[in-house]
Structures are given as C-alpha cells and as structure tokens.
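Asker: Quick check, what structure comes out for this input:
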Amino acid sequence: MNTDAPSLPARRRRKAERPAELLAAALEVFAERGYSAARLDDIARRAGVSKGTVFLYYANKQALFRAVIETAVLPHLAAGEALLAQDEGDPEALMRALFAGYWRVLGDPQLSGIPKLVMAEAGNFPEVAAYYHEQVVMRGRALFAEIHRRGVARGVFREGDPALLCQLALSPLLFVCVWRSSLGGCDAGAIEPDRFVEAHVDMFMRGLMPAASARSSS
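Answerer: Below you'll find the model as predicted:
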C-alpha cells in the first residue's frame, strides 16, 4: 500500500511556486537594468506570467524590490547573526567568516548588482535606499562592530572606530562588484575578483592586529 501523501495538483503546485519565480525574475531584471529602468511588464514576462499576476502578490515595484532583498540578501545576514550568537571562539576566525559571508553575496553576479543599483539610484528613490541602508547596511555594520569589540576585548584586534573600519573592510569588495559590472568587460584580466578579495582580507586582517602581532605574522 502506498502511504505517500498525494502530490499537489499541477495548478496548485504552480501557484505555490509563483512567488519564488517572480522574485527570481525580479532579481534578474533589477540586476540587469537598475531600479528605475526595471518594468513590471519585463519582470512578468521573464517569469512567464501576466502583469496582473504580479499585482496579486506585490502592490508595486518597491514592494517587489523589498521582497527581493528579504529573500536573497537578508538570510545571509541572519546566518551571520546566528553564528555570532552561538560562537564565543576566536574573533579572527569570526571576522574571516564574516568576510566570506559578505563575499558570498557581493560575489554573486546577480546579487552584486543590488548594491550598485542602490548607490546609483539613491537620489531618485530615497525610500529604496533608506530601506536597504536600514535592513542591510546597518545590520552588517552591527555584525562587524560586535566581532571587532570582542577582538579588542581579548587583545586580538587593535582599537579603532568600528564604523570606519567597516568601511575600510567592505569598500574594496564593493569596488570589485562595480568594476566587474562596468569596466570589467573591457579589461577582464586586470582583476581576478576572488584573488583580489583574498589579498584584501589578508592585508586587512594583518592591519587589524596589534602592532607586535602583525610583525610576528609577517
């Protein structure tokens, strides 16, 4: 006797999958065209549905963009926060894990288009930039600041302004993302993103250590 639960009818299964399909299509279109040029018609067409179907799930383009951030970006931050809550170990290992988490997002060809999109269009769509700043930037800074605080308390890191250090840590990663989606096509061999990030993290971590530790590790 077959005890497996019956599968959902095709139509119901398709309906259940539709929000994920819409978000995947929206991420592609936002990354390719930016926020202002992305049209709901294009997103609907990419997802294989009508524009009216989009409105069944999302009130407008801003709501769709927020949903993209919530599903594609915020889980990575939540994973970092969970790691920090559970781990009282080596702050250096935690900081390197945080860099790896950042690069999993920023190094993804589609996700890397989101920071560029927000920076480029913040003036025209301040509400989009404010949402991204609150939900992504500030949470990322808080993670960095807490790991830095633990490292300073244990004598692993030197003291410094956490907000400034976070900017120094992340700006090169953002540069690689912008470069890859702009000049990278003209000069593809100039920067290998993974090697660039690896070298940057190594140099940043050396600079974060107390002076004696930095000398001894060189």
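
Asker: and the nearest residue to Phe30 once chain neighbours are set aside, what does it touch?
Answerer: Distances taken as CB to CB, 6 or more residues apart in numbering put Ala38 closest to Phe30, at 5.2 Å, once the chain neighbours are dropped. C-betas here are computed from N, CA, C, even on glycine. Applying CB atoms under 8 Å, 6 or more residues apart in numbering to Ala38 gives the contacts 26, 29-30, 61.

Asker: mind listing which of the residues you listed are in strands?
Answerer: Judged by DSSP state E, strands contain none of the contacts of Ala38.

Asker: Farthest-apart pair in these, please.
Answerer: Val29 and Lys61 (10.1 Å; CB to CB).

Asker: and the gap between Glu198 and Pro172?
Answerer: Distance from Glu198 to Pro172, counting by CB to CB, to the nearest Å: 11 Å.

Asker: Which one's more surrounded, these two?
Answerer: Pro172 (16 against 13; other CB atoms under 10 Å).

Asker: Look up the closest residue to the more buried one, ignoring the ones flanking it.
Answerer: Closest to Pro172 by CB to CB, 6+ apart is His200, at 4.7 Å.

Asker: What helices and strands are in contact with the helix or strand containing that neighbour?
Answerer: Assigned by DSSP states H and E, His200 belongs to helix 193-208. Here helix 193-208 touches helix 91-106, helix 162-181, helix 211-217, going by 3 or more CB pairs under 8 Å, 6 or more residues apart in numbering; DSSP states H and E.

Asker: mind listing what's buried in it?
Answerer: By neighbour count on 16 or more other CB atoms under 10 Å, the buried set for helix 193-208 is 193, 196-197, 200-201, 204-205, 208.
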